[in-house]
Each structure stands twice: as structure tokens, then as C-alpha cells.
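> sequence-free structure coming up:
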């Protein structure tokens, strides 16, 4: 029994990273991801913040799932999400001032992430606390992974640096750090990951 | 939907929102004093960093730009005035850019610092980098101009962020220094004037 539940939790995490990756597979929350991924550090920090909020929201919703009246679940979800985002925002502003200065702009953006609301509605409101937590971890890690890959290529090509350290000394492709470059990067990477999973599937047969 | 349902939904919503509001109030009450204290410490440190030679920095007046309240300061070493610091704002691409500018006695810029803004991450936020800020050293009002080409005489724009570069240079810094020049001159005149009359 313990064995099978461990396997299940692992599957939930894998599901979030690969099969239902928020950006590459579900194509959700693209707008904020394009806005923040023009350098690696912002991408990673944003991914980490989303991971935290996603896990906390999933746990809270799952705990409350029996007392929420189905007709008003959406306003309740929104309250839980914005509540956790505000808590993260205030705590960071007070205790992690340096990090907050760099990402304070984006923290509040998390409220508008469709992916977090979608997981609350589709998973956490129907499942027990532990699986909901692992679903949150999986989804959050998937998002972190996607943002890291996108921002890695955008900063490398658009600025010739990584985490603000110069790497390439040629004239960079400025368009990659502009919003248009964000669409290019997401589109090409999305195609790549879909191609990979198609190959994977056909091999499995 | 019966009346009972409506009552149940209302109660459910009210209770959960009340709890949510309470939690946020508690978190805010605990974090805001720390936030406020840090902001004061940070401001003092920021002033000190702009004028490392000064041993005393005093506020001498208030002014406003873009309807935002700002302050200006005199920096002294012993009894000698070695320069002035002014806080100023510039209207950028997506925000008002909050800057501090230190000038010497002849109103040449010594250092500037960007305290806050919400410019485009990855483009406009390059106004915070030293390579941009260091360009301001020893510039007077006439040379606070943004060029898109390479220049050391004027200020060179950040590629992809001309609007943010202009906002800092031609709005915040130039207006700040201009104002400071007049304000200090008037103060001098006033003191002279009162001397004469007495």
C-alpha cells in the first residue's frame, strides 16, 4: 500500500513536469511567463514563487473542499489565491528586501495565473490533502522548469549573458528579450517538447 | 434555489472572507513595521552612499515633481558645504522613476541612484546598472542629454530602453539639478537680502 502511494505521488509530480506541463502542454499562463522570462534570474525566481503559491493554494483548497459551497467556489478560490500571494508579497517585502526589490513587480502578477486557479478547480477541490500537495509540487516544478528553459535561451541569445554574467561577446539578438522574442522562444520550445513526447510515445508502442 | 440555499451560500462566503481578511490583517500588522523600519534605514544608507565624504546630511527643503513629494538635502563636512542631494522623479515607460542625485557645490552631478521604478524587466531596468549610472559623473545641466549614439560627453541611451534613459536623464536628473540650482541661489539671495535690510 505504502509502495503504491509513493508511486502515485511520483506520478503526480512527473505529470506536472512533463505530461501536463503548464506552459509547454497546457499553454496556460503564457502572458506573465513571457513578461518575466527575458533574463534567467527573473525566470527562476518567478518559477520558485509560483511553486510556493501553487503548493499552498492546493493544500488550502483541499482542506476546505468540504465546507465550500459548489456555487461560490470560484470567488473562494480567488480569495485563497490572492491571500497567499499577498502573504508572500508582504513577507518578502519585510524579510527578503533584496530579493523583493528584484521580483516585487511580479509577485502580485501571480494572482492572475490561470494555471493556479485551474489546478485548484480541477484537482485540489476533488482530492485529499497529500495528493493535492504533490500535484502542486509537480505543477510548480513544471512551471519552474519551463520558465528556466525559456529564460535561459532568451537571456543567452538576447543579451549574450546568463544570470547577468557575460558569456557571448558578439552583438546579441535584441529581439529575443523583447516580447516578440518571448513568443518565438515559447513557440519553438513548445514544438520541441511536443516532438520529443511524440517520439517517446511512438517508441513505447 | 431556495431561500435556505441563498442563506447558506451567503454565510459560507461571508465567513470565509472574514477569516481571509483577518489572516491578511495579522500578517500585515506583523510585517509592516519591519518594512517601514527597513525603508528608513535604507534611505539613510542611500543618502550616505551618494555622499561618502560627508559627515552630516541635513534636509533643507521640500519640492514636488510630477505631483510627487520630494526632499532635498545639504551635505556638509565639518562646517563646509561639499554638495547637495535631491530626490527627483522621472516619467518613464511604465512608471515614475524614483531617483536620488548628488551634486557638488558647482551643481555638477557626482552620483545618482535609482531607488524605485516599474520599468520593463530586462530592458528599462538597466537604468539601475552601474555602467548607466556612472555616465552621470561630472555632468552639468547642459550635458544632461540622451544620445542614441556612443558618447562620453552626454549620456548614452540604453539600447531598447531610450524612454527609460530619457526619463532618468532629461526628466528626473535635469529637472532636479535645475530646481536645486534655483532653490540654493534663492536661499543665498534671501540671506543676503535680509542682511542688507538689517
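Sure thing, it's come through. From a predicted model like this one, the values you see are computed outputs, not experimental measurements.

> So which bits of the helix or strand containing residue A:199 are buried?
Using DSSP states H and E, residue A:199 sits within helix A:179-204. Across helix A:179-204, burial judged by 16 or more other Cβ atoms under 10 Å in any protein chain shown covers A:181, A:182, A:184, A:185, A:186, A:189, A:190, A:193. All C-beta spots, glycine's among them, are computed from the backbone N, C-alpha and C.

> Could you see whether chain B lies near it?
No: figure legend: helix A:179-204 not in contact with chain B (Cβ under 8 Å from any Cβ of the partner chain); closest approach 9.0 Å.

> And that helix, what does it pack against?
Under the contact definition 3 or more Cβ pairs under 8 Å, 6 or more residues apart in numbering or on different chains; DSSP states H and E, helix A:179-204 sits against helix A:30-36, helix A:129-159.

> Rounded mean pLDDT for it, please.
Helix A:179-204 carries an average pLDDT of 88.

> Could you do stretch B:161-173 as well?
Per-region confidence: stretch B:161-173 scores 92 on mean pLDDT.

> Give me the contacts around that stretch.
B:65, B:88-93, B:97, B:99, B:101, B:109, B:112, B:114, B:117, B:119-120, B:123-124, B:126-127, B:132, B:136, B:144-146, B:148, B:155, B:157-158 (Cβ atoms under 8 Å, 6 or more residues apart in numbering or on different chains).

> What are the buried residues along that stretch?
B:161, B:162, B:163, B:164, B:165, B:166, B:167, B:168, B:169, B:171, B:172, B:173.

> tell me the pLDDT at residue A:3?
Per-residue pLDDT puts residue A:3 at 59.

> Ok, residue B:84 next?
Reported pLDDT for residue B:84: 92.

> Provide the partner residues of it in its beta bridges.
Beta bridges link residue B:84 to residue B:74, residue B:103, judged by DSSP bridges.

> Could you identify the buried members of the contacts of stretch B:161-173?
Those of the contacts of stretch B:161-173 that meet the buried threshold are B:65, B:88-90, B:92-93, B:97, B:99, B:101, B:109, B:112, B:114, B:117, B:119-120, B:123-124, B:126-127, B:132, B:136, B:144, B:146, B:155, B:157-158, by 16+ other Cβ under 10 Å.

> Keep only those of the residues you listed that are in helices.
Counting by DSSP state H, the buried ones among the contacts of stretch B:161-173 place residue B:132 in helices.

> on that earlier part again, show me the subset of the contacts of stretch B:161-173 that also lies near chain A.
Within these, those near chain A by Cβ under 8 Å from any Cβ are residue B:123.

> Filter the contacts of stretch B:161-173 down to the ones in strands?
Secondary structure from DSSP state E places B:65, B:88-91, B:97, B:99, B:101, B:109, B:112, B:114, B:146, B:155 of the contacts of stretch B:161-173 in strands.

> The lowest-mean-pLDDT helix or strand in chain A versus strand B:109-116: what angle between them?
Ranked by mean pLDDT, DSSP states H and E, the helix or strand of chain A with the weakest confidence is helix A:97-107, at a mean of 75. Helix A:97-107 runs at 60 degrees relative to strand B:109-116, counting by axes from the mean of the first three to the mean of the last three Cα atoms, to 10 degrees.

> Show me what counts as buried in helix A:97-107.
A:97, A:100, A:103, A:105, A:106, A:107.

> With distance to residue A:74 added, can I get these in a markdown table?
Below are those laid out as a markdown table (distance: Cβ to Cβ, whole Å):
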| residue | distance to residue A:74 |
| --- | --- |
| A:97 | 34 |
| A:100 | 30 |
| A:103 | 27 |
| A:105 | 27 |
| A:106 | 24 |
| A:107 | 22 |
